[in-house]
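Visitor: quick one: sequence plus predicted model below, questions after.
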Amino acid sequence: MAKKDHVNGKHLMVFPGTFDPFTNGHISIVERALFLCDELHVAVFDNSRKTPVMSRAKRTELVRTALCHLPEVKVRECDSLLVDYCQRNGITWIIRGVHGPSSFEEELTMADINRLIGDGIETVFLPSIAKQRYVSSSIVREIARLGGDITGMVPKTILHDVERAYRTGQAGYDI
(Lines give C-alpha, C1' and ligand atoms only; values in the text may rest on other atoms or scores of the structure.)
Protein backbone atom coordinates (compact mmCIF):
# COMPACT_ATOMS: atom_id res chain seq x y z
CA MET A 1 0.00 0.00 0.00
CA ALA A 2 1.34 3.43 -0.92
CA LYS A 3 1.47 5.85 1.95
CA LYS A 4 1.97 9.57 2.03
CA ASP A 5 4.84 9.99 4.48
CA HIS A 6 5.54 13.64 3.85
CA VAL A 7 3.43 16.76 3.41
CA ASN A 8 5.14 19.68 1.72
CA GLY A 9 8.46 17.95 2.31
CA LYS A 10 7.83 17.49 6.05
CA HIS A 11 7.52 14.22 7.94
CA LEU A 12 4.48 14.61 10.23
CA MET A 13 3.44 12.70 13.35
CA VAL A 14 0.65 13.14 15.90
CA PHE A 15 0.66 12.78 19.69
CA PRO A 16 -2.99 12.45 20.75
CA GLY A 17 -4.45 12.59 24.24
CA THR A 18 -7.00 14.06 26.59
CA PHE A 19 -4.20 15.77 28.52
CA ASP A 20 -6.32 16.18 31.65
CA PRO A 21 -3.92 17.69 32.70
CA PHE A 22 -0.85 18.01 30.48
CA THR A 23 2.18 16.83 32.49
CA ASN A 24 5.95 16.95 32.34
CA GLY A 25 5.77 13.34 31.20
CA HIS A 26 3.82 14.52 28.15
CA ILE A 27 6.45 17.20 27.49
CA SER A 28 9.15 14.53 27.59
CA ILE A 29 7.29 12.49 24.97
CA VAL A 30 6.85 15.58 22.77
CA GLU A 31 10.51 16.58 23.00
CA ARG A 32 11.73 13.06 22.18
CA ALA A 33 9.19 12.62 19.37
CA LEU A 34 10.61 15.71 17.67
CA PHE A 35 13.76 13.69 16.92
CA LEU A 36 11.57 11.42 14.77
CA CYS A 37 9.71 14.01 12.69
CA ASP A 38 9.83 17.51 11.26
CA GLU A 39 6.47 18.57 12.66
CA LEU A 40 4.49 17.10 15.53
CA HIS A 41 0.77 17.66 15.96
CA VAL A 42 -0.42 17.44 19.56
CA ALA A 43 -4.12 16.63 19.24
CA VAL A 44 -6.38 17.24 22.24
CA PHE A 45 -9.38 14.91 22.30
CA ASP A 46 -12.24 14.04 24.60
CA ASN A 47 -12.58 10.42 25.74
CA SER A 48 -16.03 8.97 26.40
CA ARG A 49 -14.55 6.90 29.25
CA LYS A 50 -13.33 10.01 31.08
CA THR A 51 -14.97 13.10 32.56
CA PRO A 52 -12.44 15.91 32.22
CA VAL A 53 -12.37 18.72 34.75
CA MET A 54 -11.55 21.32 32.10
CA SER A 55 -13.20 21.72 28.72
CA ARG A 56 -11.34 20.51 25.63
CA ALA A 57 -10.84 24.15 24.58
CA LYS A 58 -9.21 25.00 27.92
CA ARG A 59 -7.01 21.90 27.87
CA THR A 60 -5.93 22.82 24.33
CA GLU A 61 -5.07 26.33 25.49
CA LEU A 62 -2.94 25.00 28.37
CA VAL A 63 -1.12 22.50 26.12
CA ARG A 64 -0.42 25.31 23.65
CA THR A 65 0.97 27.45 26.49
CA ALA A 66 3.16 24.60 27.76
CA LEU A 67 4.59 23.95 24.29
CA CYS A 68 4.89 27.51 22.95
CA HIS A 69 8.70 27.22 23.03
CA LEU A 70 8.61 24.49 20.36
CA PRO A 71 7.77 26.03 16.94
CA GLU A 72 7.67 22.63 15.22
CA VAL A 73 4.72 21.58 17.41
CA LYS A 74 1.15 22.34 16.30
CA VAL A 75 -1.50 21.99 19.02
CA ARG A 76 -4.98 21.17 17.73
CA GLU A 77 -8.36 20.64 19.36
CA CYS A 78 -10.01 17.56 17.81
CA ASP A 79 -13.50 16.09 17.82
CA SER A 80 -13.13 13.32 15.22
CA LEU A 81 -11.62 9.87 15.12
CA LEU A 82 -7.85 10.03 15.41
CA VAL A 83 -7.40 8.19 12.11
CA ASP A 84 -9.67 10.72 10.36
CA TYR A 85 -7.54 13.54 11.76
CA CYS A 86 -4.43 11.75 10.51
CA GLN A 87 -5.84 11.24 7.02
CA ARG A 88 -6.99 14.88 6.74
CA ASN A 89 -3.51 16.09 7.70
CA GLY A 90 -1.34 13.59 5.80
CA ILE A 91 -0.11 11.95 9.01
CA THR A 92 0.81 8.26 8.93
CA TRP A 93 2.46 7.90 12.35
CA ILE A 94 0.98 8.18 15.84
CA ILE A 95 3.20 8.69 18.89
CA ARG A 96 2.10 7.16 22.20
CA GLY A 97 3.82 7.21 25.56
CA VAL A 98 3.77 4.13 27.76
CA HIS A 99 4.38 3.95 31.51
CA GLY A 100 4.97 0.21 31.69
CA PRO A 101 3.58 -3.22 30.79
CA SER A 102 -0.02 -2.50 31.83
CA SER A 103 -0.35 0.63 29.69
CA PHE A 104 1.50 -1.02 26.79
CA GLU A 105 -1.17 -3.72 26.48
CA GLU A 106 -3.98 -1.16 26.14
CA GLU A 107 -1.92 1.00 23.76
CA LEU A 108 -1.08 -2.03 21.59
CA THR A 109 -4.79 -2.78 21.19
CA MET A 110 -5.46 0.82 20.13
CA ALA A 111 -2.52 0.69 17.69
CA ASP A 112 -4.00 -2.43 16.08
CA ILE A 113 -7.42 -0.77 15.76
CA ASN A 114 -5.93 2.44 14.32
CA ARG A 115 -3.93 0.42 11.78
CA LEU A 116 -7.05 -1.52 10.80
CA ILE A 117 -9.46 1.40 10.38
CA GLY A 118 -6.80 3.93 9.38
CA ASP A 119 -5.50 2.15 6.28
CA GLY A 120 -2.09 1.32 7.70
CA ILE A 121 -1.51 4.21 10.10
CA GLU A 122 1.27 3.05 12.42
CA THR A 123 2.03 3.76 16.08
CA VAL A 124 5.41 4.42 17.67
CA PHE A 125 5.67 3.77 21.41
CA LEU A 126 7.98 5.88 23.55
CA PRO A 127 8.52 4.66 27.11
CA SER A 128 8.33 7.16 29.94
CA ILE A 129 11.73 8.12 31.27
CA ALA A 130 12.41 6.54 34.65
CA LYS A 131 12.17 9.70 36.77
CA GLN A 132 8.71 10.49 35.31
CA ARG A 133 7.28 6.98 35.07
CA TYR A 134 5.09 7.55 38.13
CA VAL A 135 3.63 10.81 36.76
CA SER A 136 0.26 10.32 35.11
CA SER A 137 -2.61 12.70 34.56
CA SER A 138 -4.81 10.73 36.96
CA ILE A 139 -2.20 10.91 39.74
CA VAL A 140 -1.67 14.64 39.18
CA ARG A 141 -5.45 15.21 39.26
CA GLU A 142 -5.81 13.38 42.56
CA ILE A 143 -2.85 15.08 44.24
CA ALA A 144 -4.07 18.51 43.08
CA ARG A 145 -7.66 17.76 44.14
CA LEU A 146 -6.46 16.98 47.65
CA GLY A 147 -4.31 20.12 47.82
CA GLY A 148 -0.95 18.39 47.38
CA ASP A 149 2.10 19.82 45.68
CA ILE A 150 2.22 19.09 41.94
CA THR A 151 5.28 21.27 41.29
CA GLY A 152 7.63 19.28 39.09
CA MET A 153 4.79 17.18 37.68
CA VAL A 154 3.30 19.79 35.34
CA PRO A 155 4.98 22.54 33.30
CA LYS A 156 5.65 25.70 35.33
CA THR A 157 3.87 27.79 32.69
CA ILE A 158 0.53 26.12 33.48
CA LEU A 159 1.02 25.08 37.13
CA HIS A 160 -1.22 27.79 38.63
CA ASP A 161 -4.06 27.13 36.16
CA VAL A 162 -3.89 23.37 36.75
CA GLU A 163 -3.92 23.80 40.53
CA ARG A 164 -6.94 26.12 40.37
CA ALA A 165 -8.91 23.86 38.04
CA TYR A 166 -8.39 20.63 39.93
CA ARG A 167 -8.85 22.10 43.37
CA THR A 168 -12.32 23.31 42.38
CA GLY A 169 -13.06 19.90 40.86
CA GLN A 170 -15.86 21.13 38.62
CA ALA A 171 -16.26 19.18 35.36
CA GLY A 172 -16.00 21.44 32.33
CA TYR A 173 -14.34 24.15 34.41
CA ASP A 174 -12.70 26.92 32.43
CA ILE A 175 -10.25 29.06 34.34
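Guide: Perfect, I can see it now.
Visitor: contacts and neighbour counts: CA atoms only from here.
Guide: Noted.
Visitor: what sits up against the lengthiest strand in the chain?
Guide: When the chain is parsed with DSSP state E, its longest strand is strand 10-17. With contacts defined as Cα atoms under 8 Å, 6 or more residues apart in numbering, strand 10-17 is touched by 5-6, 30, 37-46, 82, 86, 90-96.
Visitor: pull out the buried residues from those.
Guide: The neighbour-count test (16 or more other Cα atoms under 10 Å) applied to those identifies 30, 37, 39-46, 82, 86, 90-96 as buried.
Visitor: by mean pLDDT, point me to the weakest helix or strand of this structure.
Guide: One helix or strand of the chain scores below all others by mean pLDDT, DSSP states H and E: strand 6-7, with a mean of 62.
Visitor: looking at the buried ones among the contacts of strand 10-17, which are in helices?
Guide: Secondary structure assignment by DSSP state H places 30, 82, 86 of the buried ones among the contacts of strand 10-17 in helices.
Visitor: and for the last one, nearest residue in space, chain neighbours not counted?
Guide: Meaning Cys86. What sits nearest to Cys86 in space, not counting adjacent residues and going by Cα to Cα, 6 or more residues apart in numbering, is Thr92, at 6.5 Å.
Visitor: relative to Ser103, how far out is the one you found?
Guide: Between Thr92 and Ser103 the distance is 22 Å, computed by Cα to Cα, to the nearest Å.
Visitor: and Val135, by the same measure?
Guide: For Val135, the distance to Ser103 equals 13 Å [Cα to Cα].
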